[in-house]
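how would this look folded up:
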Amino acid sequence: MMGSGKGWVVRMVLITVVATACAMIGASLVAQDQSAAADTILVPESLELAATGYTFTEGPAWDGARLIFSDIPGNTVYVMTPGDAAPQVLYAPSANANGHTFDLQGRLINAEHGSGAITRWTPEGGRQVIVDTFKDKRLNSPNDVVVRSDGLILFTDPPYGLGERTSEVGFSGVFAFDEAIGRMVLIDDALSRPNGLAFSPDERVLYVGDTATQTLWAYDIAEDGAASGKRLVVDVTDDSKPGRVDGVRVDTQGRVYLTCPGGLCVVDPVRRAVVARMKTPKRATNLAWGGSDLSELYVTALTDVYRVRTRARGIGSSSR
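Below is the predicted model of the structure:
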């Protein structure tokens, strides 16, 4: 009986070792598969120059058929139709418009770098101020803006466009504004330089990039725009490469795309890790989904606008 017992123990040990080894190999193969899949999200060889010759491009937004983008120092907003020879002036002056999106009626919403306002622009009515104060204090210089599917407007407000003005609000903010009732909600006043922002597919989570710290943050957003559960998603600091965290977008799988040192980064917010990267010829400033099936990314980069194919699908238009 003693010998039989020892043999049973040896067999059990061998079974455990083999099972553990198989599990480790399986996990390794899964990780390799995930890594390989992540590497194919972006298609770097498809990168092409879509427009050039500007001072500082920003704010790309796809209206379903055309790309809107800003030349901030040029004080002009352009519109580009794929296949046309060159972008055309949509309107100027633009109050140094920076980020753009669309409201639920498809009208252009602007984060104005120069005026310190969130505005709406239409060909018929021109420019209309939506909001330019918080608690009767003038905003800094709204940078980027998104619209939730119920019409709630969310935007970032760093001080980049203040010029000689002094900040009246006294901080860099992330805000939600309910235009229907005129209510402003402060989401965060602790980020150094809040910049790009985007919603998760279910719109329950808001992602915000902080340019100063090269970080991406997440917030749980309530129906009224109030935030909770602030958490760091990823830090992409790399001083050896040009570029900063700036524009932010999300695909249908919930992955977050952002400009980062070197070009573009794709982040898995569940794993809190960068799963894909792509180098851009010039420092990327922002990005937007476009194309007939929203599988292309338009990337603004200093004097240029680039287009690159992906193996993903963006969420809606640039309105969310």
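
Next, count neighbours for Thr252.
A total of 13 residues lie near Thr252 under the criterion other C-beta atoms under 10 Å. All C-beta spots, glycine's among them, are computed from the backbone N, C-alpha and C.

Repeat that for the one 10 residues further on.
Burial of Gly262 is recorded as 18 neighbouring residues (other C-beta under 10 Å).

Pull the contacting residues for it.
238, 241-243, 277, 279-280 (C-beta atoms under 8 Å, 6 or more residues apart in numbering).

after the helix or strand of the chain with the lowest mean pLDDT comes which helix or strand?
Counting by mean pLDDT, DSSP states H and E, the chain has its least confident helix or strand at helix 2-39, which shows a mean of 43. Moving toward the C-terminus from helix 2-39, the next helix or strand (DSSP states H and E) is strand 48-52.

angle of the helix or strand that that following strand is followed by against strand 48-52?
Per DSSP H and E, the first helix or strand lying C-terminal to strand 48-52 is strand 57-62. For strand 57-62 against strand 48-52, the angle by axes from the mean of the first three to the mean of the last three C-alpha atoms, to 10 degrees is 120 degrees.

Adjacent strands (with direction) for strand 57-62?
Using DSSP bridges, the strands paired with strand 57-62 are strand 67-71 (antiparallel).

Residues contacting the helix or strand that the partner strand is followed by, please?
Counting by DSSP H and E, the next helix or strand C-terminal to strand 67-71 is strand 76-80. For strand 76-80, contacts defined as C-beta under 8 Å, 6+ apart pick out 50-51, 54, 59, 66-71, 86-94, 97, 100, 110, 121, 305.

Within its sheet, name the partner strands of strand 76-80 and how each one runs.
Strand 76-80 is paired, per DSSP bridges, with strand 67-71 (antiparallel), strand 88-91 (antiparallel).

What residues of it count as buried?
76-80 (16 or more other C-beta atoms under 10 Å).

same check, this time on stretch 160-172
Here stretch 160-172 shows 160-162, 167, 169, 171-172 as buried, counting by 16+ other C-beta under 10 Å.

go on, stretch 71-88?
Neighbour count says stretch 71-88 has 71-72, 74-80, 87 buried, by 16+ other C-beta under 10 Å.

doesn't Arg277 make contact with Leu264?
Yes - Leu264 is within contact range of Arg277, at 6.8 Å (criterion: C-beta atoms under 8 Å).

Please say which of the two ends up with more neighbours.
More neighbours surround Leu264 than the other of Leu264 and Arg277, with 28 against 19 (other C-beta under 10 Å).

Am I right that the more buried one sits in a strand?
Yes - Leu264: assigned to a strand according to DSSP: H, G, I helix; E, B strand; the rest coil.

before we move on, what SS does the nearest residue to it once chain neighbours are set aside have?
What sits nearest to Leu264 in space, not counting adjacent residues and going by C-beta to C-beta, 6 or more residues apart in numbering, is Met278, at 4.7 Å. Using three-state DSSP, the structure places Met278 in strand.

Would you mind measuring from Gly116 to Asp157?
Distance, Gly116 to Asp157, using C-beta to C-beta, to the nearest Å: 8 Å.

which residues do those two both contact?
Common neighbours of Gly116 and Asp157 (C-beta under 8 Å, 6+ apart) are 139-142.

Can you say which of those residues are buried?
Counted by 16+ other C-beta under 10 Å, these give 139-142 as buried.
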